[in-house]
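**Student:** this one's structure only:
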């Protein structure tokens, strides 16, 4: 398995501002993923972040709203830009471990409230 | 395309009773199937996975699931519920080939365990 940490664990932000969420893994991984979990709902994939290439966004998510960085094999950031109350969600990062391509391990999530 | 359907958004059982959480999948390729659990204010934890080996899969905390291709099902069971099992459970699928990196989640089932 992998130990995944996220910062911040929660935040309350004002509309129109931006928040950058950090995801740190204790081992090198090729693929990292960012998910959104809106209140009372399931998880939706935002984008896949591979080190050394541009992130791949899912339908309905755009880079201007959710820019992602992946500077190395253990770290990634997701920025939620120009926030509105509809962005209030839990944001989770996950990883595929090298040598274990079938399962994803998840971080504890960042609980974001936009007022 | 691949998807999972979880029947019952809320399930309530008595402590010591059988737990049965239902999941049906749809996939055009051989699927990999997963059950995750999410405790309040926490990230997702992998309970068990099916990756085309044994059809009866045992996971952590006494849970198991059986892959039934004829019924396109992957129901989660536990013989005797414990209060600590109260959580939200997500079934998920990813394809073995072609876009197989994407993990698609069901809508989740909230399990309540009563005395």
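**Tutor:** Okay, I see it. All values reported here derive from a predicted model rather than from experimental measurement.

**Student:** Could you tell me which residues of chain A lie near chain B?
**Tutor:** Applying C-beta under 8 Å from any C-beta of the partner chain, we find that chain A lies next to chain B at A:4, A:31, A:33, A:41-45, A:48, A:92, A:94, A:96, A:102-109, A:111. C-beta: built from backbone N, CA, C; applies to glycine.

**Student:** Buried among the residues you listed? Need that as a selection in PyMOL.
**Tutor:** Buried residues within the residues of chain A next to chain B, by 16 or more other C-beta atoms under 10 Å in any protein chain shown, are selected in PyMOL with:
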select buried, chain A and resi 4+31+33+42+43+45+48+92+94+96+102+103+104+105+106+107+108+109+111
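
**Student:** give the contact list for the residue nearest the centre of chain A.
**Tutor:** Centroid check for chain A by C-alpha atoms, centre = their mean gives residue A:34 as the closest residue, at 3.3 Å. Contacts for residue A:34 (C-beta atoms under 8 Å, 6 or more residues apart in numbering or on different chains) come out as A:23, A:45, A:46, A:47, A:49, A:66, A:68, A:76, A:78, A:91, A:92, A:93.

**Student:** do the same with residue B:50
**Tutor:** For residue B:50, the contact set (C-beta under 8 Å, 6+ apart) comprises B:31, B:32, B:33, B:34, B:57, B:65, B:67, B:74.

**Student:** any weak-confidence spans in chain B?
**Tutor:** Within chain B, the ranges that satisfy pLDDT under 70 run B:95-101.

**Student:** tell me the strands in it, going along the chain?
**Tutor:** In chain B, the strands defined using DSSP state E lie at B:2-7, B:10-14, B:19-27, B:31-38, B:44-50, B:56-58, B:64-68, B:73-78, B:87-95, B:104-105, B:109-114.

**Student:** Adding distance to residue A:12 as columns, could you present the ones you listed in a markdown table?
**Tutor:** A markdown table is the format used below for those (distance: least, C-beta to C-beta, whole Å):
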| stretch | distance to residue A:12 |
| --- | --- |
| strand B:2-7 | 31 |
| strand B:10-14 | 29 |
| strand B:19-27 | 33 |
| strand B:31-38 | 22 |
| strand B:44-50 | 23 |
| strand B:56-58 | 40 |
| strand B:64-68 | 38 |
| strand B:73-78 | 35 |
| strand B:87-95 | 23 |
| strand B:104-105 | 26 |
| strand B:109-114 | 25 |
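
**Student:** Top of the contacts of residue A:34 by number of neighbours, please.
**Tutor:** Neighbour tally across the contacts of residue A:34 (other C-beta atoms under 10 Å in any protein chain shown): the maximum, 30 neighbours, falls on residue A:93.

**Student:** beta partners of that one?
**Tutor:** According to DSSP bridges, the partner residues bridging residue A:93 are residue A:34.

**Student:** next one: residue A:50
**Tutor:** Under the criterion used (DSSP bridges), residue A:50 bridges to residue A:31.

**Student:** Could you list the low-confidence segments of chain A?
**Tutor:** A:98-101.

**Student:** from the contacts of residue A:34, which is closest to residue A:57?
**Tutor:** Taking C-beta to C-beta as the measure, residue A:57 lies nearest residue A:47 of the contacts of residue A:34, at 4.5 Å.

**Student:** any idea which element residue A:83 lies in?
**Tutor:** Using DSSP states H and E, residue A:83 sits within no helix or strand.

**Student:** which non-adjacent residue is nearest it?
**Tutor:** Leaving aside its sequence neighbours, residue A:83 sits nearest to residue A:114 (C-beta to C-beta, 6 or more residues apart in numbering or on different chains; 4.6 Å).
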